[in-house]
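S.K.: Kindly return the folded structure for what I paste below:
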Amino acid sequence: MKNIFSLLFILNSFLISSVSFDDVEMLFISDSIIEAQSMLDLVEEKDEKFHYLSYQIYYKLDDLNNANKSLQLALKDNPDKYAEEGALLGELINDLKNVSKTLSSGFVLEAIEEAELLLKKYKDNSIVHYRLGYAYKENKDYDNAIVNFNKAKELNPYNSLYQDEITYIANLEILKGKEAYDVKDYQTALEHFNTALSYDPTNTSAMFRIGNIYYAIKDYVKAAEVLEQGVELQPKNYKVLYMISKCYIAIDDSDKALSFLDKAIDIKPDYTKAFFEKAKLYKSKGDIDTTVSILNELIDLDSGYYRAYELLMDLEIGASNLDNAISYANKALKASPDAYTILARLASVYNEKLDFNKAKDNAKLSLKNKRNYAPALFELGIAEMNLCNKLAAKDAFTKCKRDRNYRKTATNYLKTENFDYYTKHCE
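M.R.: I've put the predicted structure just below:
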C-alpha cells in the first residue's frame, strides 16, 4: 500500500511544478524516506520546519553531511530549539571521523576497537555498525564484516550502501569459487559459493553457480532445487529456466522440463536452444507431428540452425523418406554450406540410396570442414568399399575406429573375411 501511495504521489508530482511541505512530510511519516528526499527540492517555502524535516530525512538515510547542513539552517532560525540535537549530531560526526582517520592511517585493529567502543555509546546506530563492518572488511575478517553490515542494513533499510558492501564481499567468494570451478575443483568451488550465499542469501549468482556444480556432478534433483530458488528471485532469467529444464530432462520428468522450456520461450520468444530441446522432448514422447512443427518454427526463427535440420533428417531417415531427408539437407546447406554434420548425414542417405559417388563427395566435404569426423569417415569407408576403392575404404575405416562410438563397427568391416565379403562384387 505504501508503494502504491508513493508511486501515485510521484506521478502526480510530474503534473505540478512544486510540492508542499505537507506532501513531503506525509511521505516521511509513511516511511517513504527515499521518495521524500527526492521531493525536497520541489518545496518552494524553505523555512525552519522544512529544514528540520530535511534534517530528519537525511538522518534517516545516514547522510550525515546533508543532515548537518539542514540542521544548521534550522538552528539559524531557532538556535534554542535545536541546540541539543545539533550538539549530539556534531559529536557523532566527530566520533565517526576519528574512527575513519585511524583506519585511513593504517591502524586497522585500533579502528575496530574504537568502533566497538562507539557501539556502546551509540547503541543500535547503523552508521557505527557500518564503520565497524568496514574496518573488519579491511582486516579481511569477512564474517564479522558481514555481521555488522547486516545489522546496519537491518537498522536502516533505506541506505543501499550496506547491501552493496554485503554483495561485494559475497562476490569475492564467488570469484574464488569460479577459479576453483574452472579447474573442476567442484568441492572447493561449492564451499566458496555456499559461503557467498551465507553472506548474501539473495545472491542469485551464487545460487546459479551452485546449481551448475550439482548439474556437473550429475545431482540433477539438487541442481533443480537450487536453481528454482534462484529463479524465484529472478523470474525473467530465461537461461536459468532452460537450465532447470535440462535437470528435469536428465531425470526423465518431461512434463516439468516442458513447463520450464515454455516459460523460457515466453520470456524470450526467439530462444532457439529452448525450441530445440522442446522438439527433442516431443520426439522422445513419440509425438512426431509436434516435433516437426516445432522444428519448422525453429527454422523460421533461424534458418541457419542446422541442428534442427539434423533432427528433421533423422526423422525422415527413420521413416525411410530419403528424398525428404535430402531436401532438408539441401535447405540446411543453403543456410550453412560448411555444416559438416549435415554433410555426413547426407553421405549416409546417399549410401542408403546406393548412390556411392554422391555419398563419397559429401563425406569428403564433411571431412574438409571437420578433419577426422568419425561419422563422415564411416560413410566414406562404406562408399569407397562399394566403389571398389579398397585401400581408400580401409584407410577411412582405420581412422574411423579411433572413435569409441565407431570402433566396434569399423573394426568388423576391417576383418578380412568381412571386408572380402562386402567387396566380392569387385572381383
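
S.K.: Can you give the contact residues for stretch 288-302?
M.R.: 270, 272, 275-276, 278-280, 282-283, 305, 308-309, 311-312, 315, 331 (Cβ atoms under 8 Å, 6 or more residues apart in numbering). C-betas here are computed from N, CA, C, even on glycine.

S.K.: Return the set of buried residues in it.
M.R.: Neighbour-count burial for stretch 288-302, counted by 16 or more other Cβ atoms under 10 Å, picks out 291-292, 294-295, 298-299.

S.K.: What average pLDDT does that stretch get?
M.R.: Stretch 288-302 shows a mean pLDDT of 95.

S.K.: looking at the contacts of stretch 288-302, which has the most residues close by?
M.R.: Y309 (28 neighbours; other Cβ atoms under 10 Å).

S.K.: Hmm, that residue is touching I326, no?
M.R.: No - under the criterion of Cβ atoms under 8 Å, Y309 makes no contact with I326, lying 11.3 Å away.

S.K.: how far is the lengthiest helix in the chain from where the chain is centred?
M.R.: Identified as the longest helix of the chain according to DSSP state H is helix 79-104. Distance of helix 79-104 from its chain centroid, counting by Cα atoms, centre = their mean, to the nearest Å, is 44 Å.

S.K.: For it, which helices and strands make contact with it?
M.R.: Judged by 3 or more Cβ pairs under 8 Å, 6 or more residues apart in numbering; DSSP states H and E, helix 79-104 is in contact with helix 48-60, helix 64-77, helix 108-121, helix 126-138.

S.K.: CA atoms only for the last one, dumped as CSV, please.
M.R.: Output of helix 126-138 as CSV, limited to C-alpha atoms (Å, rounded to 0.1, in the frame of the first residue of the first chain):
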residue,chain,number,x,y,z
SER,A,126,23.5,1.8,11.7
ILE,A,127,26.4,4.1,10.7
VAL,A,128,28.6,2.9,13.6
HIS,A,129,27.9,-0.7,12.6
TYR,A,130,28.8,0.1,9.0
ARG,A,131,32.1,1.7,10.1
LEU,A,132,32.9,-1.3,12.3
GLY,A,133,32.0,-3.6,9.4
TYR,A,134,34.2,-1.6,7.1
ALA,A,135,37.1,-1.9,9.5
TYR,A,136,36.6,-5.7,9.7
LYS,A,137,36.5,-5.8,5.9
GLU,A,138,39.8,-4.0,5.7
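
S.K.: Go through it and flag the buried ones.
M.R.: Those would be 126-137, for helix 126-138 by 16+ other Cβ under 10 Å.

S.K.: do the same with the second one
M.R.: Of all the residues in helix 64-77, those buried under the rule 16+ other Cβ under 10 Å are 64, 66-68, 70-71, 73-75.

S.K.: Same question for the first one.
M.R.: Of all the residues in helix 48-60, those buried under the rule 16+ other Cβ under 10 Å are 50-60.

S.K.: Going along the chain, name the strands of the stretch 301-427 of the chain.
M.R.: Remark: strands of the stretch 301-427 of the chain are absent; assignment by DSSP state E, counting those that start in this stretch.

S.K.: where exactly do the helices run in it?
M.R.: 306-318, 322-335, 340-352, 356-369, 374-386, 390-400, 407-414, 416-422 (DSSP state H, counting those that start in this stretch).

S.K.: would you list those in TSV and tack on mean pLDDT and distance to T188?
M.R.: Formatted as TSV, the helices of the stretch 301-427 of the chain follow (pLDDT from 0 to 100; distance: least, Cβ to Cβ, whole Å):
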stretch	mean pLDDT	distance to T188
helix 306-318	93	35
helix 322-335	94	43
helix 340-352	96	37
helix 356-369	97	40
helix 374-386	97	36
helix 390-400	96	40
helix 407-414	96	36
helix 416-422	95	51
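
S.K.: Throw those into JSON lines and include distance to N148, thanks.
M.R.: Output for the helices of the stretch 301-427 of the chain, formatted as JSON lines (distance: least, Cβ to Cβ, whole Å):
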{"stretch": "helix 306-318", "distance to N148": "52"}
{"stretch": "helix 322-335", "distance to N148": "58"}
{"stretch": "helix 340-352", "distance to N148": "57"}
{"stretch": "helix 356-369", "distance to N148": "59"}
{"stretch": "helix 374-386", "distance to N148": "60"}
{"stretch": "helix 390-400", "distance to N148": "64"}
{"stretch": "helix 407-414", "distance to N148": "62"}
{"stretch": "helix 416-422", "distance to N148": "76"}
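
S.K.: so where is this structure shaky, pLDDT-wise?
M.R.: 1-18 (pLDDT under 70).

S.K.: switch the cut-off to 80
M.R.: 1-18, 427 (pLDDT under 80).

S.K.: thinking R402 is in contact with N372, fair?
M.R.: Yes - counting by Cβ under 8 Å, R402 does reach N372; the two are 7.4 Å apart.

S.K.: List the contacts of stretch 236-253.
M.R.: So stretch 236-253 is contacted by 204, 208, 211-212, 215, 218, 220-221, 223-224, 227-228, 230-231, 234, 254, 256-258, 260-261, 263-265, 267-268, 271, 273-274, 277, 281 (Cβ under 8 Å, 6+ apart).

S.K.: Would you mind listing the residues in contact with I382?
M.R.: 351, 356, 359, 393.

S.K.: can you do 6 Å?
M.R.: Shown in contact with I382 (Cβ atoms under 6 Å, 6 or more residues apart in numbering): N351.

S.K.: if I look at it, how far off is L333?
M.R.: Counting by Cβ to Cβ, to the nearest Å, the gap from I382 to L333 is 21 Å.

S.K.: Ok, A274 next?
M.R.: Taking Cβ to Cβ, one finds A274 at 25 Å from L333.

S.K.: who has more neighbours, those two?
M.R.: Legend: neighbour count by other Cβ under 10 Å for A274 and L333, higher for A274 (25 against 18).

S.K.: unless I'm mixing things up, Y350 is touching K358, no?
M.R.: Yes - if you go by Cβ atoms under 6 Å, Y350 and K358 touch, sitting 4.2 Å apart.

S.K.: since we're on E114, how many residues are nearby?
M.R.: 21.

S.K.: If I follow the layout properly, it ends up in contact with V99?
M.R.: Yes - counting by Cβ under 6 Å, V99 is a contact partner of E114 at 4.9 Å.

S.K.: Quick one: distance of stretch 19-30 to the chain centre.
M.R.: 40 Å.

S.K.: Next, the buried residues of it.
M.R.: Quick answer for stretch 19-30 (16+ other Cβ under 10 Å): 19, 21, 23-25, 27-28.

S.K.: Which among the contacts of stretch 236-253 count as buried?
M.R.: 204, 208, 211-212, 215, 220, 223-224, 227-228, 230-231, 234, 254, 257-258, 260-261, 263-265, 271, 273-274, 277, 281.
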